[in-house]
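Peer 1: no FASTA, just this:
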């Protein structure tokens, strides 16, 4: 299928501006959750218990909530546990399917879900959903054959960026990933990727974010040309190339490129038309909208403050106003 100029432009502008957060279009909001909670056979009694007191005899259905009875509160008719909305049974499958629509895998889906919803057995439900998805299994990455030496973690945004090319529908895109914030930027190059086009895209990137200290790429001809080396030298950029035939060495951007392709290929054969405008953005949100390791902050919180609004929007639709 040939892309129109408008569709090609939409891919680039959507990724670069993060103009669309998929969670903004969730099919339910806090008022729907509140109404359903009153009708839910498991949550409705919990609402009563939280308003008054827990009884001496606890039903089996209420036992998971009793174990955390000191944590939940009621906000605008919704049960909220630690900033996460407790989802009624009637909406659980719907929300899981929405989060799973990007096919980001079990670990990332758990991280995204834990950031704004809670329900008993949430991890188990996600594991069953992803493990039973034929598209996730078909697109699953092969286990790493060898251990690569990790890069030293940068101390600030755009200190080190990783770059690579991605092809979609016979069009080449330069993908740039900031190693610190995990921000993704993509620039359309056309049907071929020349050295001059690569440099022009980097100039646009630099005009927006400044000059990175280090640029990591593979040994493609665009990056090893004298023209590109001169550009880096005159710009004061330290250029580092990864070994040929070893994409894991440039894992920061390689993972992003692969997940962009997986997201774009993950539509079931009988499913709706491929959402080419939003798929790359959803991959970004899967990275930037989830916590990292225990005790760390969201990757997007390391970006300029103007970009943080996207992360707050993730919770805004389901979290009632306090």
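Peer 2: Great, that's in hand. Just so you know, these numbers come straight off a predicted model, no measurement behind them.
Peer 1: for the strand or helix carrying residue 95, packing partners?
Peer 2: In this assignment (DSSP states H and E), residue 95 forms part of helix 89-100. Packing partners of helix 89-100 (3 or more Cβ pairs under 8 Å, 6 or more residues apart in numbering; DSSP states H and E): helix 30-39, helix 106-114, helix 122-131. No exception for glycine: its C-beta is placed from N, CA and C like everyone else's.
Peer 1: got a list of contacts for that helix?
Peer 2: 22, 26-28, 32-33, 36, 39-43, 87, 109, 112-113, 117, 119, 125-126, 129-130, 133 (Cβ atoms under 8 Å, 6 or more residues apart in numbering).
Peer 1: Give me the buried entries from those residues.
Peer 2: Among these, those buried by neighbour count (16 or more other Cβ atoms under 10 Å) are 22, 26, 28, 32-33, 36, 40, 42-43, 87, 109, 112-113, 117, 119, 126, 129-130, 133.
Peer 1: Low-confidence stretches in the stretch 1-150 of the chain?
Peer 2: 1-26, 139-149 (pLDDT under 70).
Peer 1: one more time with 80, if that's ok
Peer 2: In the predicted model, the stretch 1-150 of the chain carries pLDDT under 80 at residues 1-27, 102-104, 135-150.
Peer 1: Report the buried residues of the helix holding residue 95.
Peer 2: 91, 92, 95, 96, 98, 99, 100.
Peer 1: Grab the two from the residues you listed that are most spread out in space.
Peer 2: Across the buried residues of helix 89-100, no pair lies farther apart than 91 and 100, at 14.4 Å, counting by Cβ to Cβ.
Peer 1: show me where this protein has strands.
Peer 2: Assigned by DSSP state E, the chain shows strands spanning 72-75, 78-81, 84-86, 117-118, 160-168, 171-178, 184-190, 214-217, 238-241.
Peer 1: Adding distance to residue 227, write these out as CSV.
Peer 2: Shown next, in CSV, are those (distance: least, Cβ to Cβ, whole Å):
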stretch, distance to residue 227
strand 72-75, 58
strand 78-81, 57
strand 84-86, 51
strand 117-118, 50
strand 160-168, 15
strand 171-178, 15
strand 184-190, 15
strand 214-217, 14
strand 238-241, 12
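Peer 1: and the gap between residue 163 and residue 184?
Peer 2: As judged by Cβ to Cβ, to the nearest Å, residue 163 and residue 184 stand 11 Å apart.
Peer 1: ignore the last one, residue 213
Peer 2: Using Cβ to Cβ, residue 213 is found at 19 Å from residue 184.
Peer 1: Also residue 199?
Peer 2: 20 Å.
Peer 1: Point out where the stretch 201-322 of the chain drops to low pLDDT.
Peer 2: Applying pLDDT under 80 to the stretch 201-322 of the chain flags residues 242-322.
Peer 1: now do 70
Peer 2: Looking along the stretch 201-322 of the chain with the criterion set at pLDDT under 70, you get 243-254, 257, 260-322.
Peer 1: hmm, back to that, out of the strands of the chain, the one nearest residue 54 is which?
Peer 2: Comparison of the strands of the chain against residue 54 by Cβ to Cβ identifies strand 72-75 as nearest, at 11.2 Å.
Peer 1: what are the pairing partners of the closest one, and which direction each?
Peer 2: If you go by DSSP bridges, strand 72-75 pairs up with strand 78-81 (antiparallel).
Peer 1: residues of the partner strand that come out buried?
Peer 2: 78, 79, 80.
Peer 1: Name the nearest residue to the last one, sequence neighbours excluded.
Peer 2: So the one you mean is residue 80. Excluding the flanking residues, the one nearest residue 80 by Cβ to Cβ, 6 or more residues apart in numbering is residue 73, at 5.5 Å.
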